[in-house]
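> Structure for this input, please:
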Amino acid sequence: MDLVHGICRLTVAIGENHSKLILESQGDERQQCLDLTNLILGFTALPGHYPVDENISNMPFGFWYILQDEITGAETVKCQEYLMTFGPIYMHLVDVMLTKVQYPSEDEYNTWNTEEKEQFRCYRQDIGDTLMYCFTLLRQPLLNNLYGMLVRVQSQGGSWQQLEALLFAFRSIAEVGEYGDDECVDNLIRLLPQINMSNVTLATTALYMLEAYSEWLADMPDALDCVIPLVLSGLNNPDLSVPATMSLKEITRECALDMKPHADRILTSIQAALNSNLLKSRECVRLMASVGFVLSTLSVQEILHYLDVIVTPHLQHLEAASHEQPSGIKNHPSAASKGTILVKVNMLASLSATLDIRREDKENQGLGSAVTSSQDPQPVSFLLQRVFPILQKVLEVWVCDLGIVQSICEFLKRAITTLLDDVGPMVPGICELLVQIYTASPHVPILDLSQQMLMLFSLNEAYSANTQSLILQLTNKTLSLFQSGNIREHTEVIEAYMNMCTKILKTQPNILISNDMSPSAIFQCGLVSITLPEQPTVKATCNFFNIFIAQSNKVPMYAQTVTQQGQALLELLIKAISGAAPRSLVEPMSDVIFSYSKNCNSHFTTIMPEVIMSHTLELPRANKVQREQFAKSLMRERANKRQFRDIVKEFSLLCRGLLGTEYADF
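Sure, this is the predicted structure:
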C-alpha cells in the first residue's frame with residue numbers, strides 16, 4: 001500500500017503541475033495525457049471506504065479542481081474543445097464520487113472510531129466540492145443524469161446509501177446557488193415524498209438538500225405543498241430536529257411571502273414540537289424565527305391569537321424562573337433557573353427579529369421604492385409590553401450576570417430594530433432599565449443597546465429628557481471606573497464607551513453637552529484610555545479623538561476643550577509613537593495628530609514646538625535638530641494624510657532605533 005501511495009502522490013503531483021500541458025497536448029501526447037488522467041481517476045476510485053479500507057482516494061481532489069479551473073478559464077472555443085475530450089472523464093468521475101460518498105452498512109459504521117468518522121465526514125465534504133466542480137463543467141446534462149439515476153434507484157428499490165449519495169450530490173450543487181433547469185428540480189422535489197425516509201441519515205441529507213433549495217422554492221411556491229410536510233415531519237424526531245429546524249428556518253425566510261396557505265399547519269407543528277420538551281435550546285430558537293416569518297403573513301388579530309397560544313407558556317416559564325430564589329450557595333441563583341432564562345429570552349429575541357408585518361415596506365424602502373406603511377400596530381410591541389415587566393424581575397436577581405444581561409440586551413435590540421419609532425412608549429422604561437443595569441455592573445451589551453436608543457430617540461423632543469438622563473448616567477458610571485483604580489479590568493467597557501461616543505459625535509454631537517455633563521470629562525477619559533495596553537481600546541480612543549477634534553470647528557464647547565487639554569493629548573501621542581506604544585498603533589495615533597493639525601492649526605502650531613522640546617519628553621535617540629525638524633514637518637503638512645503618516649512613522653522608527661535597519665519594514 002505504501003508503494004501505491006507513493007505512485008499516486010507522484011502521479012497527482014505531475015497532473016497538478018502540468019494541467020495546462022495535459023489540456024494542450026496533441027496526437028500521441030494527448031493519449032498519454034488521457035492515460036495519466038484515467039490513472040488518477042483509478043486512484044480516486046479505489047475500492048473500499050475511506051479512511052478505513054484505503055487512505056489514497058482523497059489525494060487527487062486538488063487535481064480535479066485545477067484541471068476544471070483550467071478548462072473553464074480557457075477561451076470559449078478551446079473550452080468547448082477541452083470539454084469534448086475531458087467531459088466524459090468528469091462524468092465518469094461523478095459516478096466514482098457517488099460510490100465513494102456512500103456510507104457503509106450501519107453495523108460496519110458503528111465499528112469505526114470517532115476519528116475515522118470525522119475523517120469520513122471531511123472526505124464527504126471534499127466530494128461535495130468536487131461534485132460542484134463537475135457541475136461547473138457539465139451543467140444541465142449532469143443534473144439530468146443524477147435525476148435519472150435517482151428515479152432508477154428508487155424504482156428498483158435500491159439501498160438507502162445509494163439514495164442518500166444522490167441527494168447529497170444535489171445538495172452539494174445547490175449550496176452554491178446553482179439549480180439548473182426548473183423542470184428537473186421540480187421533478188426532484190416532487191419525487192421526495194415517494195422515497196422511504198425511515199433511515200435517519202437519508203432523511204437528514206434530504207432535509208439539508210431542501211434547505212439548499214430554499215431560494216429556488218421562493219420562485220416555485222407550488223412545490224411547497226410537497227416540501228412543508230416532509231420538513232415538519234422531522235420536528236417530531238429528535239434525531240432529525242437539527243436539520244428539520246434549519247431547513248424550516250431557511251424555507252420560511254426565503255418563501256416568507258408564500259407562507260400564508262401553510263401557516264396553520266406550520267404553527268401547529270411548531271407548537272407541538274416546542275411543548276414536547278425534546279428539542280435543544282438552539283432548535284427552539286430556530287423554530288421561533290420560523291414562527292416570526294410565518295406570523296408576519298397573517299392579520300394582526302391572527303398573529304395575536306397564535307402568540308398567545310405559542311408564546312404564553314414560555315413567558316410563564318420565564319416568569320417562574322424570575323421568581324425562583326437562589327439555592328445552594330448564598331445569593332447564587334440555580335444553574336437550572338439561569339438556563340431556563342437564557343433559552344426563553346433567546347427564543348423571544350429570535351421571534352422579535354423575524355416578526356415584522358412591515359418587512360416588505362422596509363425592503364422596498366431599501367430599494368428606493370415608495371413606502372406604504374401599514375396602519376396596524378406591530379405585534380412585537382404587544383410582545384415587548386408583556387415581556388418587559390418579567391425582564392425587570394429577572395434583572396433584580398441576575399443584574400451582575402453577563403450572560404443574562406447580554407441575552408436581555410439582544411432581545412431589546414432586536415425588538416427595537418423591528419419596531420423603530422413604534423417603540424416610543426417604551427423608551428422611558430428601557431432607558432431606566434439600562435441605567436439600572438449599567439450602574440450595578442457595567443457591560444458592553446448595555447452600551448451597544450444604549451447607542452441604538454440614542455441614535456433613534458435623542459433628537460425626539462418627547463424623549464429628550466430620557467436620552468439625556470441615559471447618556472449622563474452612563475458617562476458618570478464610566479467616569480467612576482476611571483477613578484476606581486482598577487480601570488484595566490474594564491478595558492472592553494471603555495472601548496465600547498468610546499465607540500458609542502464616537503458614533504454620537506458623528507451624528508448628534510450636541511448630546512454630549514448639557515448643564516450636568518461636560519465634554520471635558522469625556523476628553524479626560526480618552527486621555528487615560530489612550531495609555532491602556534489593549535490595542536482595540538486604544539484604536540477606539542483614537543477614533544474618538546479624531547471625530548471630537550473634527551467637530552471642534554462646529555461646536556464651541558469642543559473647541560474650548562481641545563484648547564485646554566490639547567497639549568496633554570499631544571504629549572501622550574508623542575510619547576506613544578516614540579516607543580511607549582506598539583508600532584501597530586503609530587498609524588491611528590498619527591491620524592489624531594493630523595486631525596489636530598488640520599482642524600485646529602493655529603493652536604497646533606503654537607503648542608507643537610513646546611511639546612516636542614519639552615524636558616519631560618524623554619527621547620534619547622532624537623536630538624534637538626531632529627525634534628525641531630519633526631515639528632516643522634508636521635506643521636507644514638496639513639493636506640496629505642499619507643505623507644503625514646510617513647513623517648510620523650519615520651520619527652517613530654528613529655526614536656526606537658530602527659530607522660535604516662532591516663526591521664524597519666516589519
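
> Pull the number of nearby residues for Gln37.
Gln isn't right for residue 37; it's Thr. Applying other C-beta atoms under 10 Å, we find 23 other residues in the vicinity of Thr37. C-beta: built from backbone N, CA, C; applies to glycine.

> Next up, the contacts around it.
For Thr37, the contact set (C-beta atoms under 8 Å, 6 or more residues apart in numbering) comprises 15, 22, 67, 86, 89.

> Looking at those, state which has the most neighbours.
When neighbours are counted by other C-beta under 10 Å, Leu67 leads those with 25 neighbours.

> What ranges does this structure have for its strands?
Assigned by DSSP state E, the chain shows no strands.

> and Val399, what are its phi and psi?
When read as degrees, to the nearest 10, the backbone of Val399 gives phi -60, psi -20.

> and it, how many neighbours?
Residues lying near Val399 (other C-beta under 10 Å) number 18.

> Without its sequence neighbours, what residue ends up closest to it?
Ala440 (4.6 Å; C-beta to C-beta, 6 or more residues apart in numbering).

> What is the burial count for the one you found?
Residues near Ala440, counting by other C-beta under 10 Å: 13.

> for Asp356, same thing?
21.

> so who does Leu131 touch?
By C-beta under 8 Å, 6+ apart, Leu131 lies in contact with 94, 97, 169, 172-173.

> Out of these, which end up buried?
Among the contacts of Leu131, those classed as buried by 16 or more other C-beta atoms under 10 Å are 94, 97, 169, 172-173.

> So which of those residues is the closest to His314?
Taking C-beta to C-beta as the measure, His314 lies nearest Ser172 of the buried ones among the contacts of Leu131, at 37.0 Å.

> measure the residue nearest to the closest one when sequence neighbours are not counted to Met97 for me?
Distances taken as C-beta to C-beta, 6+ apart put Gly128 closest to Ser172, at 3.5 Å, once the chain neighbours are dropped. Going from Gly128 to Met97 by C-beta to C-beta, to the nearest Å gives 9 Å.

> anything in contact with each of these two?
In contact with both Gly128 and Met97: Ala169, using C-beta under 8 Å, 6+ apart.

> returning to what we had before: determine which two of the contacts of Leu131 are furthest apart.
Across the contacts of Leu131 (C-beta to C-beta), the longest gap, 11.7 Å, separates Met97 and Ile173.

> Touching, Met426 and Phe388? I think so.
Yes - contact criterion C-beta atoms under 8 Å: Met426 and Phe388 qualify, at 6.7 Å.

> just to revisit the earlier point, mind putting the buried ones among the contacts of Leu131 into CSV with pLDDT and distance to Met132?
As requested, the buried ones among the contacts of Leu131 are exported to CSV (pLDDT from 0 to 100; distance: C-beta to C-beta, whole Å):
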residue, pLDDT, distance to Met132
Val94, 97, 11
Met97, 97, 11
Ala169, 96, 9
Ser172, 94, 6
Ile173, 92, 6
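
> Could I get those residues in JSON lines, plus columns for distance to Leu318?
Below are the buried ones among the contacts of Leu131 laid out as JSON lines (distance: C-beta to C-beta, whole Å):
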{"residue": "Val94", "distance to Leu318": "51"}
{"residue": "Met97", "distance to Leu318": "49"}
{"residue": "Ala169", "distance to Leu318": "44"}
{"residue": "Ser172", "distance to Leu318": "41"}
{"residue": "Ile173", "distance to Leu318": "43"}
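
> what about the nearest residue to Ile310 once chain neighbours are set aside, distance to Arg265?
Spatial nearest neighbour of Ile310, excluding adjacent residues (C-beta to C-beta, 6+ apart): Gln271 at 5.1 Å. Distance check for Gln271 against Arg265: by C-beta to C-beta, it reads 11 Å.

> try Leu348
Counting by C-beta to C-beta - Leu348 and Arg265 are separated by 23 Å.

> neighbour-wise, which of these two wins?
Leu348 (29 against 13).

> give the contact list for Leu217.
189, 210, 223-224, 227, 251, 254-255.

> Closest to Val153 out of the buried ones among the contacts of Leu131?
Using C-beta to C-beta, the buried ones among the contacts of Leu131 come closest to Val153 at Ala169, 12.0 Å.

> ok, that closest one - contacts?
Ala169 sits in contact with 94, 97-98, 101, 128, 131, 146, where contact means C-beta under 8 Å, 6+ apart.

> so Leu232 touches Ile266, yeah?
Yes - using C-beta under 8 Å, Leu232 is in contact with Ile266, at 6.7 Å.

> which residues do those two both contact?
In terms of C-beta under 8 Å, 6+ apart, Leu232 and Ile266 are both contacted by the residues Leu248.
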